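Undergrad: need coordinates for the following:
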Amino acid sequence: MYILMYILMYKSVYISKPAGMSDPDRYLKNRNGKWYYVRRIPGHVQDLAGQSRTSLTLKTESLETARVRRDAMVEADAAYWEKLLAQSPAEQAEARYEADKARCMALGF
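TA: Residues are numbered from 1 along each chain as shown. Reported below is the predicted structural model:
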């Protein structure tokens, strides 16, 4: 019975994977029951972003909720990195502010 439940759960994970991602749990790490968004920043953006990696708590113990919040974070990060590459330093500060707001919204604040 437990094997059947595992197989059903395992298959359902891959049915609901995000578009464009081969791993449904990409960028997700579980630490002590809490889910985190952990991602390496692309090399061509690292100097502008001021860091090589981003990591933050998704403030949930639910994998399904973590996946939804992760998807929002992926979109917010992609938009932020595009703006950093296309703008002057003054505009980059505003882009950072807008990205921070998007990240807060993704986390439910």
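
Undergrad: next SSE downstream of the helix or strand bottoming out on mean pLDDT in the chain?
TA: The helix or strand of the chain with the lowest confidence, counting by mean pLDDT, DSSP states H and E, is helix 2-15 at a mean of 38. Under the assignment DSSP states H and E, the closest C-terminal helix or strand after helix 2-15 is strand 28-31.

Undergrad: residues in contact with that following strand?
TA: For strand 28-31, the external contacting residues (C-beta atoms under 8 Å, 6 or more residues apart in numbering) are 35-38, 58, 63, 66-67, 70. All C-beta spots, glycine's among them, are computed from the backbone N, C-alpha and C.

Undergrad: mind doing that once more with 7 Å?
TA: 35-38, 66, 70 (C-beta atoms under 7 Å, 6 or more residues apart in numbering).

Undergrad: cool, and stretch 36-50?
TA: If you take C-beta under 7 Å, 6+ apart as the criterion, stretch 36-50 is touched by 27-29, 51-58, 70, 73, 77, 81, 84-85, 92.

Undergrad: go again with 8 Å.
TA: Here stretch 36-50 has contacts from 27-30, 51-58, 66, 69-70, 73-74, 77, 80-81, 84-85, 92, using C-beta under 8 Å, 6+ apart.

Undergrad: mind checking the end-to-end distance for it?
TA: Length of stretch 36-50, first residue to last, C-alpha to C-alpha, to the nearest Å: 20 Å.
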